[in-house]
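Engineer: model this:
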Amino acid sequence: MDIKHEYVRKPVHILAKPEDVAEKVVAAGDPDRVSILAKLLEKPRLVNEHRGFLAYTGYFEGEKITVVTHGIGAPSAAIVFEELLMLGARTIVRLGSCGSFHRDLKVGDVVVPEGAAYIEGGTIGMYLGKICYPAVPDFELTELIVSKLLEENISVKKGLVFSSDAFHAEEDYIAKCMRQKMIAVEMECATLFILSRLKGFKSASALIVVNDLLRGTIIDVGAKRELEKSAGKAVLHALAEYS
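Structural biologist: Numbers count the residues shown, from 1 in each chain. Just a heads-up that it's a prediction; the model follows:
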């Protein structure tokens, strides 16, 4: 028996109206980071708190920008990115964190990914099947973010990152990632970059190094919050300028 029905794609987690969401978005996994970003906006307005996905829309240098929580990991992030797209987002930058394993990186630096590796399957596999698809950001936006980070006197390194699906299993992959010339591990960039290519929006990312996996050092909470402000300001400057 055939079952026929109309499937209407609509947001069920980000319960904002299309006019509440800007075309330009900064997304972060940590809701506390989103609150910090919101304070950098002019006239920030809370447009979603359903399911803990805090979202604020305001203005930066005259440009309407939304800052939003995407949660942890690919499944959560994919839901948020898809629903932002339904609501009118056209450019999404992830301001995240990462663990580094490159000798030239230390806690407090920022990694700007030129591409992200991932393991076949999981959330990405649901979109791609067995196709090995390049996970790469928008290059113009990426370079603009780098320039704005440097203007904030933030130490920046570009390179390839590994997008993990299991935070507490990442250590088993680090040696291989280092041999394959990756420089850091995080959890959502591959999903963002691939969705942006499949769905037709622009994406990029900036990742604060919070854990130096080579030296075993972790960033101080106070220093992390200050860097979130300065890196967030750089990303907002880049988004405001980008067209």
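
Engineer: quick one: contacts for V21?
Structural biologist: Going by Cβ atoms under 8 Å, 6 or more residues apart in numbering, V21 touches 14, 47, 55, 57, 66, 84, 87-89. The C-beta positions use only the backbone N, C-alpha and C, and glycine is treated the same way.

Engineer: mind running it again at 10 Å?
Structural biologist: Counting by Cβ atoms under 10 Å, 6 or more residues apart in numbering, V21 touches 11, 14, 47-48, 55, 57, 64, 66, 68, 83-89.

Engineer: can you check S163 too?
Structural biologist: Neighbour list for S163: 73-74, 77, 98, 113, 116-119, 122, 124, 135, 185-194 [criterion: Cβ under 10 Å, 6+ apart].

Engineer: From the residues you listed, which land in helices?
Structural biologist: 74, 77, 122, 124, 189-194 (DSSP state H).

Engineer: picking up where we left off before, among the contacts of V21, who's most crowded?
Structural biologist: Among these, the one with the most neighbours (other Cβ atoms under 10 Å) is T66, at 31 neighbours.

Engineer: what helix or strand does it sit in?
Structural biologist: strand 63-69 (DSSP states H and E).

Engineer: pLDDT score for the closest residue to L15 other than its chain neighbours?
Structural biologist: For L15, ignoring the flanking residues on the chain, the nearest one in space by Cβ to Cβ, 6 or more residues apart in numbering is H50 at 4.6 Å. Listed pLDDT for H50 reads 97.

Engineer: biggest helix in this protein by residues?
Structural biologist: Looking across the chain with DSSP H, the single longest helix is helix 221-241.

Engineer: can you pull the buried residues of it?
Structural biologist: 224, 227-228, 231-240 (16 or more other Cβ atoms under 10 Å).

Engineer: again with stretch 149-159
Structural biologist: 149, 152, 154, 156-157, 159.

Engineer: Now intersect the residues you listed with the helices, please.
Structural biologist: L149.

Engineer: where does the chain have low pLDDT?
Structural biologist: 1-8 (pLDDT under 70).

Engineer: center of this structure - which residue?
Structural biologist: Nearest to the geometric centre of the chain sits R94, at 2.1 Å (Cα atoms, centre = their mean).

Engineer: neighbours around the spatially closest residue to it that is not a sequence neighbour, how many?
Structural biologist: Distances taken as Cβ to Cβ, 6+ apart place S205 nearest to R94, at 4.2 Å, with adjacent residues excluded. By the measure other Cβ under 10 Å, the count of residues near S205 is 26.

Engineer: hang on, the earlier thing: Three-state assignment for the residue nearest to the centre of the chain, please.
Structural biologist: Three-state assignment for R94 (DSSP: H, G, I helix; E, B strand; the rest coil): strand.
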